[in-house]
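*Asks:* give me a model of this one.
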Amino acid sequence: MKENNLRKRTKEFAKRIIELCRVLPDNREGRLIGNQIFRSGTSVAANYRAACRARSGADFISKMGIIEEEADETQFWLEMIKEMNIIVDKPLLDSLIKESDELVAIVITSIKIARGSKK
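*Replies:* The predicted model follows:
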């Protein structure tokens, strides 16, 4: 995937996470999970932008590792929202879970390729 395409894709993912946070309930669980998923979900895009400006191969791999962790954490919170029926918009949650899964896979592949090119 081209750098610019992934940049747009991660930014769109972050925007959709923000939209999700707007519809979480205004109670303790909604606020706590909302804070967590807002942070991790938007971090994917922010850290990808940083990875695009990495100073070295090792720096790129390190930043991509952070993106992998943040995307996986986001997926965890999406699954919790779905499994606990915190909001019932199943199509929204399913599409975000699918996207986070795809982003994790892309990032893992990018890390493997970057590690291979370092040798």
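
*Asks:* let's check: the centremost residue of this protein is which one?
*Replies:* A71 (3.2 Å; Cα atoms, centre = their mean).

*Asks:* after the helix or strand hosting it comes which helix or strand?
*Replies:* Per DSSP states H and E: A71 is located in helix 57-83. Counting by DSSP H and E, the next helix or strand C-terminal to helix 57-83 is helix 90-118.

*Asks:* picking up where we left off before, helices or strands next to the helix holding A71 in the packing?
*Replies:* helix 3-23, helix 28-52, helix 90-118 (3 or more Cβ pairs under 8 Å, 6 or more residues apart in numbering; DSSP states H and E). (C-beta placed from N, C-alpha, C; glycine too.)

*Asks:* quick one, which of the ones you listed is packed in tightest?
*Replies:* helix 28-52 (a mean of 18; mean count of other Cβ atoms under 10 Å).

*Asks:* what does that one contact?
*Replies:* Here helix 28-52 makes contact (Cβ atoms under 8 Å, 6 or more residues apart in numbering) with 3, 6-7, 10-11, 13-14, 17-18, 20-21, 24, 60, 63-64, 66-67, 70-71, 73-74, 77-78, 80-81, 84, 86, 103.

*Asks:* what of stretch 92-112?
*Replies:* 1, 6, 9-10, 13, 16-17, 20, 44, 61, 64-65, 67-68, 71-72, 74-75, 78-79, 81-82, 87.

*Asks:* look up how far T42 lies from E19.
*Replies:* 12 Å (Cβ to Cβ, to the nearest Å).

*Asks:* D26 too?
*Replies:* 20 Å.
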